[in-house]
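Colleague: Fold the stuff below for me.
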Amino acid sequence: MSATDALTDAGRLTARYLSALWVRGLLKLGVVVLFLGGGLSILQLVSAPFNPETIDEPDALWMAAGVAAAGLGVYAAFRYLAAVLEFVFVTSLRTEQVALRRYLRDHLGVGLWLLVFRAVVGVGALAVVAAAAALIVGTNFAAFETATTQQGVAVAVVAAAALFGWFTVDTLTTGFVVPIMQHTRCGPLAGWGRLLDVVRANWTGVLAFLAVAWIVGFALWIVLFGVSFAVGFTGVLLLVLIASALTELHSAFEPVSIVLIVAAILGYYYVIALVEAPVRSYVRYYALVILGETDSELDLIADQRAAIAGTASTDSKSGETADEPAEPAATDSESDTQPIDATDEPTEPERDTDDESTER
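Modeller: Purely as a prediction, here's the structure:
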């Protein structure tokens, strides 16, 4: 299958999927994509209260450590939920429905393995950058202040390479390894082993997926960045005005203002998730199509692909039939003069001569 055919099939599968979900299922899918984006976890991590002016006080140090630990714990919990929802998303693509509670219960264990794998990959990328910086600049922190431009550029190149490697591994893990883990019920390392077989058999398809995922993701980010700037500026202005008006009416409305701001932020992220849902579905289906075409044992959506293939062939046949000119109907004179094929007439069964003689 060519890259164009795979892109077309992914589009048809996405349209079929969204049609099957309809409004209720799409609203549930928005919840899944909301946590997959990571915006809420980052918001929880950076919203922890912290006052740097009191960091020298002993009690403040313990408080800062506790707040940091709590923030890290909340962030880890959200990342764990996002890891589990990766498998919920793949299951939804396969079944064309969104049963959140049942899908969550079925993938709690494998989601933990995915979280650990992602954490190890992220820590490994940071360790590469730290080791390169220590070798190039030195282990003394004072050496960073006197580092040369060449040393800074070298560290930046290593950091860019590590970031690119981490991003590539994360994209392939999300697109291919997660479906493999869900289908074969294996761990991330075994899933990567199966993915390497796929890469060896169809490396052009895997590279095409990376290109599609990054290009589509970058285009979506550009669009959402522009929309976020306009909507965010207007929304913040309105929220500030409403919160100020409520506070001036009575001080008891301050908690209401806070709840209003939090609800507005969550609503904004949810709307963004609804916009992202079809795009994410398309990219995931593209990866599933490549998996199925490369290895039949990893064809997670065989029924859906057969259905769209049958629909496409039916449409093409109907189009060809409509284009062909209809043959003129035979007139009565033609039908009367046309010779009749004797082989088309039913023949009577032969009578048995013995029975005939007996009857006589």
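Colleague: Give me the three-state assignment for L300.
Modeller: Of the three states, L300 takes coil under DSSP: H, G, I helix; E, B strand; the rest coil.
Colleague: Can you give me every residue that contacts it?
Modeller: V90, L93, R94, P179, Q182, H183, L288, L291, G292 (CB atoms under 8 Å, 6 or more residues apart in numbering). Using the backbone N, CA and C atoms, a C-beta is placed for each residue, glycine as well.
Colleague: which residues sit in contact with the fifth one?
Modeller: Think Q182. By CB under 8 Å, 6+ apart, the neighbours of Q182 are F87, V90, T91, H107, V110, L300.
Colleague: sorry, back to before: which one of the contacts of L300 is nearest to L274?
Modeller: When the contacts of L300 are ranked by distance to L274 (CB to CB), L93 comes first, at 16.8 Å.
Colleague: which ones among the contacts of L300 are found in helices?
Modeller: The helices, defined by DSSP state H, take in V90, L93, R94, P179, Q182, H183, L288, L291, G292 from the contacts of L300.
Colleague: quick one on the thing from earlier: now tabulate the contacts of Q182 in a markdown table and tack on pLDDT and distance to G25.
Modeller: A markdown table is the format used below for those (pLDDT from 0 to 100; distance: CB to CB, whole Å):
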| residue | pLDDT | distance to G25 |
| --- | --- | --- |
| F87 | 96 | 17 |
| V90 | 96 | 15 |
| T91 | 96 | 13 |
| H107 | 95 | 18 |
| V110 | 95 | 23 |
| L300 | 94 | 19 |
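Colleague: Pipe these into CSV and attach distance to P278 per row.
Modeller: As requested, those are arranged in CSV below (distance: CB to CB, whole Å):
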residue, distance to P278
F87, 20
V90, 16
T91, 18
H107, 23
V110, 26
L300, 19
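Colleague: distance of W22 from I308?
Modeller: 18 Å (CB to CB, to the nearest Å).
Colleague: quick one: which of those two has more around it?
Modeller: Of the pair W22 and I308, I308 is the one with more neighbours under other CB atoms under 10 Å, namely 18 against 9.
Colleague: Which helix or strand contains that one?
Modeller: Assigned by DSSP states H and E, I308 falls within helix 302-323.
Colleague: What of A211?
Modeller: Here A211 is assigned to helix 203-249, by DSSP H and E.
Colleague: Now find how far off-centre that helix is within its chain.
Modeller: 18 Å (CA atoms, centre = their mean, to the nearest Å).
Colleague: Mind giving me the packing neighbours of it?
Modeller: helix 3-36, helix 149-172, helix 254-294 (3 or more CB pairs under 8 Å, 6 or more residues apart in numbering; DSSP states H and E).
Colleague: what comes into contact with the second one?
Modeller: Judged by CB under 8 Å, 6+ apart, the contacts made with helix 149-172 from elsewhere in the structure are 118, 121-122, 125-126, 128-129, 132-133, 136-137, 147, 195, 206, 210, 213-214.
Colleague: Buried members of the residues you listed into ChimeraX, please.
Modeller: In ChimeraX, a selection of the buried entries from the contacts of helix 149-172 looks like this (16 or more other CB atoms under 10 Å):
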select :118,121,125,128,129,132,133,136,137,195,206,210,213
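Colleague: In helices, which of the contacts of helix 149-172 fall?
Modeller: Reading helices off the contacts of helix 149-172 with DSSP H, I get 118, 121-122, 125-126, 128-129, 132-133, 136, 195, 206, 210, 213-214.
Colleague: In this structure T247 contacts E254, no?
Modeller: Yes: using CB atoms under 8 Å, T247 is in contact with E254, at 5.7 Å.
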